[in-house]
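S.K.: need a 3D model of the following:
(chains A and B)
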2 protein chains.
Amino acid sequence: MSTTSPLLVVGSVAIDSIITPFGSRDRSLGGSATHFSVSASFFADVGVVAVIGDDFTDEDEAVFHERKISTENLQRIPGGKTFRWAGEYGFDLNVAKTLDTQLNVFADFKPQLSDAARKSPFLFLGNIQPTLQREVREQADARFVAMDTMNYWIESVREELQKTIAVVDALIINDAEARQLAEEPNLIRAARKILTWGPQMLVIKRGEYGAALFTADSFFAIPAYPLESVFDPTGAGDSFAGGFMGYLAQADKVDEVTLRRAVIYGSVMASYNVEEFSCDRLRRLKPEEIRDRFHQFKQFTHFEI
Amino acid sequence: MSTTSPLLVVGSVAIDSIITPFGSRDRSLGGSATHFSVSASFFADVGVVAVIGDDFTDEDEAVFHERKISTENLQRIPGGKTFRWAGEYGFDLNVAKTLDTQLNVFADFKPQLSDAARKSPFLFLGNIQPTLQREVREQADARFVAMDTMNYWIESVREELQKTIAVVDALIINDAEARQLAEEPNLIRAARKILTWGPQMLVIKRGEYGAALFTADSFFAIPAYPLESVFDPTGAGDSFAGGFMGYLAQADKVDEVTLRRAVIYGSVMASYNVEEFSCDRLRRLKPEEIRDRFHQFKQFTHFEI
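M.R.: Predicted coordinates for the structure are as follows:
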């Protein structure tokens, strides 16, 4: 029986090979839809729209099932191979060097939402080709739609990307992407400019420097959770988006108070995600650990007037 | 008659030549002691320990006098030339390219505190040679001593620098300096390491990303004030330190609540300082403008639990 999840994500499910200064893993379950949905699943039921190949194992799929993530829209292509990404991080851990990308089944990915999936009130468009993102957005009845993107799309299909940005409620990107997208080195001005293109809000991920939320008439910013060791940054942005959207879907509203809390939850989830390879840390994360760091964020940022 | 100011600063008074993407100024009053003291003067009486030459004009000195900054320990060297610095900023405004440095009278600077100056309870050691900083610290009876430093000293006189760090209460540096000083890319670990060397606290300036305060058992961090235009970043760090130390001197205590507020005041002062060349913006700053941005910081960072 087909169910409508309060939150739907379209994106990649990938098999990554990752090298960090602290170790390497040859076969690491990854992809934007994976990191997003595992993170969001702590807050709301999530459905995943993605594509996989025959090499996607029961063990891989178990990661979704153990978190009660709906895989009804996870399409398996017989004879196909799952999207593969290989990357390496240096000691600063900020930028991944891509060693290899094999699109495989992802090359022909044409997301088709089931009738149930179309009705999800919250939708996240993970980092895929902007025209595809827009096609998904058009299929969906979602009340609140957020999207991610990356430098590759900004450089190669800027016009298409702007059309997609125009039809979403929130853009969730990192600060370098915001500057590049707006062609404006000052982040605040870049944010103001992007907001004129259509979205109600812009969420900026700043890695070790935290996150910021811009709307037409408000600004909110927080530092990152102070981690003494970052093991593998892969998926940090998507687990941020998962915590952010998951909390909004759980609260079932999008007012300023809820949005600010959502930024904190996003930051909490990203802070856990980077502590281990793949989704390993989130797979054994406990709800009280999320609450702990949420409250620590209050301690870290509170001052008396 | 000689007076004891609640706050004393030792550092440079300079005549800068500055080029930014938005304009240039050939003769711009600068130096760490200048930016620090003008900023701090909004909170407490400040005394400056520095050296100048014959080329330091009445107009230059008026900047100190109009802010009621004590120049009793500002030594004028007859026949000498004031320290000169020429620098250029690119569009990212984060790093100055030094075009020229002429130490002039600063080359032989041997700060000697007057008896009154020794009694100042709060002391800031601006970015000068670490051995000189330590000699000043040893002359002073100050109850609370903070210092700045830079990559040049970290690279050239690391051992001397560590000895000085060991005898101050607070180190106020930027994040790149903290990483370099601790030889540790992770900022949180870098901070923990530096705290084992002696200081009770470390204040990290992160430019457009804000500031953080580390003590042995607490962490506090805030974003930067969201400026749509940064005109001239020269002196941002010193005006931050001025607001921070000025507020502590005004409060006359150094507890966690006061320290956190001091970080906000530092950030407020830096945010104004960078809006125009030299001290131009601070010279016409009004106390209510400081209060405005202080309260805006609360709005920018507040979230409900």
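S.K.: check which helix or strand covers residue A:221.
M.R.: strand A:218-222 (DSSP states H and E).
S.K.: repeat that for residue A:25.
M.R.: Counting by DSSP H and E, residue A:25 is part of strand A:23-30.
S.K.: and residue A:48, by the same measure?
M.R.: Per DSSP H and E: strand A:46-52 holds residue A:48.
S.K.: what mean pLDDT does that strand have?
M.R.: Averaged across strand A:46-52, the pLDDT comes to 97.
S.K.: what ranges do the helices span in chain A?
M.R.: A:32-40, A:58-66, A:115-118, A:130-139, A:151-156, A:158-165, A:175-182, A:187-195, A:236-251, A:256-273, A:280-283, A:287-301 (DSSP state H).
S.K.: return the most buried member of those helices.
M.R.: helix A:32-40 (a mean of 32; mean count of other Cβ atoms under 10 Å in any protein chain shown). For glycine as for every other residue, the C-beta is placed from the backbone atoms N, C-alpha and C.
S.K.: tilt between it and strand A:46-52?
M.R.: Inter-element angle recorded for helix A:32-40 and strand A:46-52: 160 degrees (by axes from the mean of the first three to the mean of the last three Cα atoms, to 10 degrees).
S.K.: which strands or helices does helix A:32-40 pack on?
M.R.: strand A:7-10, strand A:46-52, helix A:58-66, helix A:236-251, helix A:256-273, helix A:280-283 (3 or more Cβ pairs under 8 Å, 6 or more residues apart in numbering or on different chains; DSSP states H and E).
S.K.: extract the CA atoms of it and return them as CSV.
M.R.: Extracted in CSV, the C-alpha atoms of helix A:32-40 (Å, rounded to 0.1, in the frame of the first residue of the first chain):
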residue,chain,number,x,y,z
SER,A,32,22.5,13.4,-1.1
ALA,A,33,19.2,11.5,-0.7
THR,A,34,20.8,9.0,1.6
HIS,A,35,22.4,11.5,4.0
PHE,A,36,19.3,13.7,3.9
SER,A,37,16.8,11.0,4.6
VAL,A,38,18.7,9.3,7.4
SER,A,39,19.1,12.7,9.1
ALA,A,40,15.5,13.7,8.5
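S.K.: what sits closest to residue A:289 if chain neighbours are left out?
M.R.: residue A:272 (7.1 Å; Cβ to Cβ, 6 or more residues apart in numbering or on different chains).
S.K.: in terms of pLDDT, where does the one you found sit?
M.R.: Per the predicted model, pLDDT is 98 at residue A:272.
S.K.: gap between it and residue A:42?
M.R.: Residue A:272 sits 10 Å away from residue A:42, taking Cβ to Cβ, to the nearest Å as the criterion.
S.K.: who touches both of the two?
M.R.: A:282, A:285, A:290 (Cβ atoms under 8 Å, 6 or more residues apart in numbering or on different chains).
S.K.: of all the residues in the stretch 201-305 of chain A, which ones are close to chain B?
M.R.: Residues of the stretch 201-305 of chain A lying close to chain B by Cβ under 8 Å from any Cβ of the partner chain are A:206, A:208-210, A:212, A:218-223, A:226-230, A:257, A:260-261, A:263-264, A:294-295, A:297-305.
S.K.: now with 6 Å, please.
M.R.: A:209, A:219, A:221, A:223, A:226, A:228, A:257, A:260-261, A:264, A:298, A:300-301, A:303-305 (Cβ under 6 Å from any Cβ of the partner chain).
S.K.: which one of those residues is nearest to residue A:249?
M.R.: residue A:261 (12.8 Å; Cβ to Cβ).
S.K.: please list all residues in contact with that closest one.
M.R.: By Cβ atoms under 6 Å, 6 or more residues apart in numbering or on different chains, the contact set of residue A:261 is residue B:303.
S.K.: do you know how far it is from residue A:23?
M.R.: 34 Å.
S.K.: same question for residue A:7.
M.R.: 32 Å.
S.K.: between those two, which one's more packed in?
M.R.: For residue A:7 and residue A:23, the more surrounded residue by other Cβ atoms under 10 Å in any protein chain shown is residue A:7, and the numbers stand at 28 against 11.
S.K.: can you tell me the closest non-neighbouring residue to that one?
M.R.: Per Cβ to Cβ, 6+ apart, closest to residue A:7 is residue A:249, 4.0 Å.
S.K.: for the one you found, give me its contacts.
M.R.: A:6-7, A:44, A:122.
S.K.: if we go to 7 Å?
M.R.: Residues in contact with residue A:249, defined by Cβ atoms under 7 Å, 6 or more residues apart in numbering or on different chains, are A:6-7, A:43-44, A:122.
S.K.: flag every buried residue along the one helix or strand in chain A whose mean pLDDT sits lowest.
M.R.: When the helices and strands of chain A are scored by mean pLDDT, DSSP states H and E, strand A:96-102 comes last with a mean of 92. For strand A:96-102, a neighbour-count test (16 or more other Cβ atoms under 10 Å in any protein chain shown) marks residue A:96 as buried.
S.K.: next one: stretch A:16-36
M.R.: Buried residues in stretch A:16-36 (16+ other Cβ under 10 Å): A:16-20, A:25, A:28-36.
S.K.: quick revisit: can you tell me which helices and strands the strand holding residue A:221 packs against?
M.R.: strand A:211-215, helix A:256-273, helix B:287-301 (3 or more Cβ pairs under 7 Å, 6 or more residues apart in numbering or on different chains; DSSP states H and E).
S.K.: export these as CSV, with columns for distance to residue A:243.
M.R.: Shown next, in CSV, are the helices and strands packed on strand A:218-222 (distance: least, Cβ to Cβ, whole Å):
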stretch, distance to residue A:243
strand A:211-215, 10
helix A:256-273, 3
helix B:287-301, 19
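S.K.: any idea which of those gets closest to residue A:66?
M.R.: helix A:256-273 (16.2 Å).
S.K.: what about that closest one, distance to the chain center?
M.R.: Computed by Cα atoms, centre = their mean, to the nearest Å, the separation of helix A:256-273 from the middle of its chain amounts to 12 Å.
S.K.: re the thing from before, so which of the contacts of residue A:249 comes closest to chain B?
M.R.: For the contacts of residue A:249, the closest approach to chain B (Cβ to the nearest Cβ) belongs to residue A:43, at 16.1 Å.
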